[in-house]
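Undergrad: quick one: sequence plus predicted model below, questions after.
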Amino acid sequence: MATITSAGVGSGLDLESIINATLQAEDQPKLQAFNEKDANLNIELSAIGAVTSSLSAFQDVVEKLADIENFNQRSAVVTQPTSGDLISVSATSDATAGNFSVEVLQLAQGSRAVSADGVYADSTDVVSASGGNLTFGAGAKSFTVAIDPGATLEEVREAINDASDNFGVSVNIINTGGATPSSKLVFTSDETGTGNDLTVTADNAEFDAISTTAFGGGAGGLSIAAGDAAQDAIIEVDGITINSDTNTFKDSIQDITITALKESEAGETAQLKVDVDKESVETLVNEFISAFNNVVGTIDYHTEAGAALNGDSTMRSLSSGLVRTLSSSISGAGGYETIYDIGLGLSKDGTLEKDSLVRSLTDALTENYDDVGVLFAGADGIASQFEGFLDNYLEADGALQFRQDDINADLRKLEKDVANHQYRMEQLEITLREKYSALDVLIAQMQSSSSYLQSQLASLPGFTSGSS
């Protein structure tokens, strides 16, 4: 039997158009439904993701509010004199509030030792023909440097400065010039504090000129002037003198560290005020308000008429739960039972705002700072209440994750449905082509038979074609 490679070739009929039209009539409505469902699922998934993201950001702020240490911070405010900054200050959470006057009488310094005039004329002068060891000490610290035989003044300087265990001794060469030029070594130690003067000793008398103690005993050629000796820093706090071997005074006022920056001029003082850090708490509460309102706004946007989550029961439950948790009554916070008692309130659109009808947040922090901390960060405080509530939605088995998993499962099922539909369409096309191919062959045969009969009839005597 004859075969047809393209529908309609044998019969001359436009069977390809008939097949394509049939396939499109079956395919297009399904594809449109699939595409609409895919778009709706992805929009819904995106909306759930947006709500989850805003809720996670809110959770981060809640975790900070739940940490009582954030309510134990202390602020140390320094009013400096007109001549410039005298001190810097830091305070631990245990510092007691108070006001103090601080004067810097003296800054700590390390010692400075200088070799004598005329010992060396130039930095290329040899210090020791045989070499040896120089040992440096200041306070409890020390290090030793080996000096090569024939080392010059410059090479000695480099050896000391480059020593890997050098605790803070720097060496320079001062060239005096003039008619009788002289090169002098200047040693500077950064080990501060009274009694921590630099010492330099050697195991060879050739180094006596650059030692504070001679090899054979007695004074060496290296000396420390009275004004170059190591010294303590000294401050007065409310008239009480305090010494420190560095410029840092830790716990001179208990749980407060003061660093002296410069000496006072003409008895001037810096004024120090230590208090609870109300400003950082207000900043944290502002973050809480902003994050809460972001969640409310995100939910409202995705549940409005025509939006992906309009009428969604999970969103309704989340919204009501947020307000219910926010309104929780807390015990043990003095006169503050809810956040509405510390200057916060809910507006008509459900957002959180500062409200001073009862009292302002600043007033609450000023009047009963510790109670505000308990209200938020207590064992059953607002933050703790929110942590439990948010876990129900954000944990791996929470409501929002369940919704995302459910939507993703629908998307995977949709992919299978699309694949199955494509397979059915392929089978339908095969079936249609088989049917129309048979029809095409049949019509072609009929047309061939008709042509043959017409030719046979035309050859009979007296036959007249109907077209003549």
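TA: Nice, thanks for sending it over.
Undergrad: who are the packing partners of the worst-scoring helix or strand of the chain on mean pLDDT?
TA: Lowest on mean pLDDT, DSSP states H and E among the helices and strands of the chain sits helix 399-458, with a mean of 82. Counting contacts by 3 or more C-beta pairs under 8 Å, 6 or more residues apart in numbering; DSSP states H and E, helix 399-458 packs against helix 15-65, helix 313-326, helix 382-394. Where C-beta positions appear, they are placed from N, C-alpha and C, glycine not excepted.
Undergrad: go with 6 Å
TA: For helix 399-458, the packing partners by 3 or more C-beta pairs under 6 Å, 6 or more residues apart in numbering; DSSP states H and E come out as helix 15-65.
Undergrad: the helix it packs on to helix 399-458, inter-axis angle?
TA: 180 degrees (axes from the mean of the first three to the mean of the last three C-alpha atoms, to 10 degrees).
Undergrad: to the chain's geometric centre, what's the distance from helix 15-65?
TA: How far helix 15-65 lies from its chain's middle: 33 Å, per C-alpha atoms, centre = their mean, to the nearest Å.
Undergrad: what packs against it?
TA: helix 278-303, helix 382-394, helix 399-458.
Undergrad: what residues of the first one count as buried?
TA: Neighbour-count burial for helix 278-303, counted by 16 or more other C-beta atoms under 10 Å, picks out 278, 281, 284-285, 287-289, 291-296, 298-299, 302-303.
Undergrad: what do you get for the shortest one?
TA: If you call a residue buried by 16+ other C-beta under 10 Å, then helix 382-394 has these buried ones: Ile382, Ala383, Ser384, Gln385, Phe386, Glu387, Phe389, Leu390, Tyr393, Leu394.
Undergrad: so which of those residues is the closest to Ala140?
TA: Ala383 (47.8 Å; C-beta to C-beta).
Undergrad: list the contacts of that closest one.
TA: Ala383 is in contact with Val62, Leu65, Ala66, Phe376, Ala377, counting by C-beta atoms under 6 Å, 6 or more residues apart in numbering.
Undergrad: just give the nearest non-adjacent residue to the second one, would you?
TA: Nearest in space to Leu65, with sequence neighbours left out and distances taken as C-beta to C-beta, 6 or more residues apart in numbering, is Ala383 at 4.0 Å.
Undergrad: now swap in the last one and tell me
TA: With sequence-adjacent residues excluded and distances taken as C-beta to C-beta, 6+ apart, Ala377 is closest to Ile68, at 4.2 Å.
Undergrad: look up phi and psi at that neighbour.
TA: phi -60, psi -20 (degrees, to the nearest 10).
Undergrad: can I assume it is in contact with Gly378?
TA: No: in this structure, Ile68 is not within contact of Gly378 by C-beta atoms under 6 Å, at 7.8 Å.
Undergrad: in the stretch 51-200 of the chain, which spans are helices?
TA: Taking DSSP state H, counting those that start in this stretch as the criterion, the stretch 51-200 of the chain contains helices spanning 153-161.
Undergrad: quick one, strands of it?
TA: 74-79, 87-91, 98-106, 112-115, 126-128, 132-138, 141-147, 151-152, 169-175, 183-189, 199-202 (DSSP state E, counting those that start in this stretch).
Undergrad: which one of the ones you listed lies nearest to Gly350?
TA: strand 74-79 (34.0 Å).
Undergrad: parallel or antiparallel, which strands does the closest one pair with?
TA: As defined by DSSP bridges, the strand partners of strand 74-79 come to strand 270-276 (antiparallel).
Undergrad: what's the domain layout of the protein?
TA: The domain map for the chain lists 1-73+277-454, 74-108+232-276, 112-228, with the assignment taken from automatic domain parsing.
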